[in-house]
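In: Quick check, what structure comes out for this input:
(chains A and B)
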Amino acid sequence: MITAVEPVDRTAIAVRAQALGKRYRNKWALRECTFDLPAGRVAALVGANGAGKTTLMTVLAGLLDADEGSAGATGRVAFVSQEKPVYRHFSAADMLRLGAHLNVVWDEARARRWLARFEIPLDKACGKLSGGQQAQVAFALAIGSRPSVLMLDEPLANLDPLARREVTAELLSEVDETGMTVLLSTHVVAELAGVADYLLLLAHGRLLAGGDLDELLGRHVSYTGPRSDVPPALGDVVEARHTGNQSTFLVELPEGQPRPVVAGQWTERPLTLEDYVLAQLEATRKGARA
Amino acid sequence: MTTITTTDVTTAAPVATRTRVGWGDLLWLTWRQHRWTILGTAVVVVGAAAVALGIAWHTDATGEKHDLLGRWSYLDVSQMLTLTPMALGAVIAVFWTAPLLSREYEQRTHLVVWSQDLTPIRWLVGKVVLLGAITVVLAAGLGTALIKLMNSMNAVTTDYVPFRPFEGAAFEAAPQVQVGYAVFGFALGLAFSAITRRTVLSMGLALGGFFLVRAFVAGFWRPYFQEPLRKVEPYDESPLYWSAGNDGSWTVNSGYADAAGNEIDFPQVCGGTQSNTEYAKCMADNGVQTFSDYHPADRLVSFQWFEFGVFALLAAGLFALTFVWVRRSRGV
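Out: Model prediction:
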């Protein structure tokens, strides 16, 4: 088996966007989007439907030109769009042949291993495969091209729950072996726990938050205690919820300061990815974020 | 994390690396995607050309038209065969290029092929050059075979000329004209395909557009590619009309003229004459002559090249439009 592991510079930037904007007629689908995605990360691009995830990905994949700002990815990019398209008259083997013919780097063994892993028949026309199987063929093609950056738009959308878990596991092992950077978009946040280590949060075409996931979650804390107008510790309130005689605050702690200790009737709870994303999205919907 | 259960991959080829996607790769893709369309068209075209050449050879060798099954002769078969060049350009437009881009857009596969290591423009250039080359060969081959057949038929027919060089079938079967039509059809279908992004719609538009442009050029423009020559003669009662054109010339307009050769309306005074002789006399007495505007036979080849030029220029414009369109609109 070939495991040609390329050295990965953990500080290198794999994908960069600067003041990126994309407009469809008069409506901006994406605006003032700036981030640097370090190499070797698995980044989750999260946002509500219509937040601009697909637009951002297609611009980053070079399939669409930006209207303002700039975007770029280092090395070769493989992109699998939301529909996981395949040629209906091609067999899975033909799709791999297409990959071998149309890429300057091609790892047949890796692509075949992916298909074998998900038990996809090689000689059957793709049009006769199920939606989930077609998705696996599309993934195998992308994996086989040995990209530096792999972009997957809603990769888990038409997979059953078991396949979802297997696909994410396989993806992570590919990342471990090849050192590629993965950017995947989704609106189902719960499935990303334990997969992504980097977060890009989009709402209404703008980037709400972006950064290392552990760092982001570590900087936030949820406090629950007696009804109060202010949280028990200093910081920006992302979300405040009051029910009866109880208050819950989601607080972004100030940077560079030790984590405050709260006592008394207040309890502190670390944040899950889902809590964080939902709170952020809700805040934008209310327009509460100044 | 799940451990990977690999099948035997040690026998598979190692990671292949090269500098660019080559023509061979584009050829593979083009053949794999369009092989049935190419083969289907090629079978019909090569079949028609082979039958035409066979008949021509047999006719030349024996010097006669051969009755087939009592009622049919080689001439009837030839006349049917001459319909194939009329259709070739339309077939290319409707079945080859009208679905070329639109089907990719409809099935979203353009996102697959354009996110490999080649740009949309390189992909498009590959398809246009490879399919275009086959188109040119088919059109030129079919035209050559049918011209050969028509010449053989003309040679063995003594009483009249079955295929006059300036008439539609013979004029348009010339290889360069055929190539012009086929390339134009190719470019027309491709342009509609890129702009509409709908397969059925672009097929319909390509079909309509192709015949509309062909009919316009053939009916309204071709007779005046060059200023016709005018011949003014006294009215002649003998029905020479039927033999007109046997010298290979093409009469595009005719009518009545005065003594000075200017076109005039039908002389009403002679309308009431009883016989041909009387009529001719009346015409002569009133100084009425006949004129015909015609193109001499030696203009044939330059007319055919002009027709080729018209369609080649249209095709070039449509290709330019398509490439600009695809480059500007990019993928999604």
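
In: Show me what residue of the stretch 151-290 of chain A gets nearest to chain B.
Out: residue A:169 (4.4 Å; CB to the nearest CB). For the C-beta atoms, the positions are set from N, CA and C on the backbone; glycine is no exception.

In: Any idea how far the strand or helix carrying that residue is from the middle of the chain?
Out: With secondary structure defined by DSSP states H and E, residue A:169 is part of helix A:161-178. Counting by CA atoms, centre = their mean, to the nearest Å, helix A:161-178 is centred 14 Å from the centre of its parent chain.

In: can you check stretch B:211-231 too?
Out: Offset of stretch B:211-231 from its chain centre (CA atoms, centre = their mean): 15 Å.

In: Can I get it in CSV? Just the C-alpha atoms.
Out: Provided in CSV are the C-alpha atoms of stretch B:211-231 (Å, rounded to 0.1, in the frame of the first residue of the first chain):
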residue,chain,number,x,y,z
PHE,B,211,-32.6,25.6,-41.7
LEU,B,212,-33.6,29.3,-41.4
VAL,B,213,-30.1,30.5,-42.1
ARG,B,214,-29.6,27.9,-44.8
ALA,B,215,-32.8,28.9,-46.5
PHE,B,216,-32.1,32.6,-46.2
VAL,B,217,-28.6,32.3,-47.8
ALA,B,218,-29.8,29.9,-50.5
GLY,B,219,-32.9,31.7,-51.4
PHE,B,220,-32.1,35.4,-51.0
TRP,B,221,-28.4,35.8,-50.9
ARG,B,222,-26.8,33.2,-53.2
PRO,B,223,-28.3,34.5,-56.4
TYR,B,224,-26.6,37.8,-55.8
PHE,B,225,-23.2,36.7,-54.5
GLN,B,226,-22.1,38.4,-57.6
GLU,B,227,-23.9,40.8,-60.0
PRO,B,228,-25.6,38.5,-62.6
LEU,B,229,-25.0,39.0,-66.3
ARG,B,230,-27.9,40.1,-68.4
LYS,B,231,-28.8,38.6,-71.8
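
In: related to what we said a few turns ago, buried ones in the helix holding residue A:169?
Out: Under the neighbour-count criterion of 16 or more other CB atoms under 10 Å in any protein chain shown, helix A:161-178 has A:163-172, A:174-175, A:177-178 buried.

In: One more: stretch A:226-245?
Out: Neighbour-count burial for stretch A:226-245 flags A:228, A:231-233, A:235, A:238-240 (criterion: 16+ other CB under 10 Å).

In: Could I get the average pLDDT for that stretch?
Out: Averaging pLDDT along stretch A:226-245 yields 84.

In: show me what contacts residue A:245?
Out: Listed by CB atoms under 8 Å, 6 or more residues apart in numbering or on different chains, the contact set of residue A:245 reads A:226-227.

In: same thing but at 6 Å, please
Out: Shown in contact with residue A:245 (CB atoms under 6 Å, 6 or more residues apart in numbering or on different chains): residue A:227.

In: Does chain A have contacts with the helix or strand hosting residue B:322?
Out: Using DSSP H and E, residue B:322 sits within helix B:300-329. No - using CB under 6 Å from any CB of the partner chain, helix B:300-329 stays clear of chain A, coming no nearer than 8.6 Å.

In: Return the set of buried residues in that helix.
Out: Along helix B:300-329, these residues count as buried under the neighbour rule (16+ other CB under 10 Å): B:300, B:303-308, B:310-312, B:314-315, B:318-319, B:322-323, B:326.

In: The stretch 51-200 of chain B against chain A: which residues are in contact?
Out: Those residues of the stretch 51-200 of chain B that sit near chain A, judged by CB under 6 Å from any CB, are B:107-109, B:111-112, B:115-118.

In: Mind picking the two most distant members of those?
Out: Greatest spacing in these, by CB to CB: B:107 and B:117 (21.1 Å).

In: Which one's more surrounded, the two?
Out: Using other CB atoms under 10 Å in any protein chain shown, the more surrounded residue of residue B:107 and residue B:117 is residue B:117, with 21 against 17.

In: Look at the more buried one and give its secondary structure.
Out: With DSSP: H, G, I helix; E, B strand; the rest coil as the basis, residue B:117 sits in coil.

In: How about the contacts made by it?
Out: Residues in contact with residue B:117 (CB under 6 Å, 6+ apart) are A:103-104, B:21.

In: what about 8 Å?
Out: Shown in contact with residue B:117 (CB under 8 Å, 6+ apart): A:76, A:102-105, A:145, B:20-21.

In: For whichever residue of the stretch 51-200 of chain A sits closest to chain B, give its distance to residue A:147.
Out: Going by CB to the nearest CB, chain B is nearest to residue A:63 of the stretch 51-200 of chain A, at 3.2 Å. Residue A:63 sits 14 Å away from residue A:147, going by CB to CB, to the nearest Å.

In: Of the two, which one has the most company?
Out: Between residue A:63 and residue A:147, residue A:147 has the larger neighbour count (other CB under 10 Å), namely 23 against 20.

In: can you count the residues close to the closest residue in space to the more buried one that isn't next to it in sequence?
Out: In space, and not counting its chain neighbours, residue A:147 is closest to residue A:78: 3.7 Å by CB to CB, 6 or more residues apart in numbering or on different chains. Using other CB under 10 Å, residue A:78 has 26 other residues around it.

In: For chain A, give me the ranges with low pLDDT.
Out: Low-confidence segments of chain A (pLDDT under 70): A:1-11, A:286-290.

In: what domains does the record give for it?
Out: Residue ranges for the domains of chain A, per automatic domain parsing: A:13-211, A:219-286.

In: so how far does the first one reach from one end to the other?
Out: One end of domain A:13-211 to the other measures 13 Å (CA to CA, to the nearest Å).

In: All the strands of the chain, in order from the start?
Out: Answering for chain A, as no chain was given. Per DSSP state E, chain A carries strands over the ranges A:13-24, A:27-38, A:42-47, A:68-73, A:77-80, A:105-106, A:149-153, A:181-186, A:198-203, A:206-212, A:220-226, A:236-243, A:246-252, A:267-269.

In: Sorry, I should have been clearer: chain B.
Out: Assigned strands in chain B, in chain order: B:16-17, B:67-68, B:72-73, B:229-234, B:250-257, B:263-264, B:289-295 (criterion: DSSP E).

In: Residue numbers of the stretch 151-290 of chain A in contact with chain B?
Out: Counting by CB under 8 Å from any CB of the partner chain, the stretch 151-290 of chain A comes close to chain B at A:166, A:169-170, A:172-173.

In: Can you tell me which of the residues you listed is nearest residue A:198?
Out: Nearest to residue A:198 among these, with distances taken as CB to CB, is residue A:172, at 13.3 Å.
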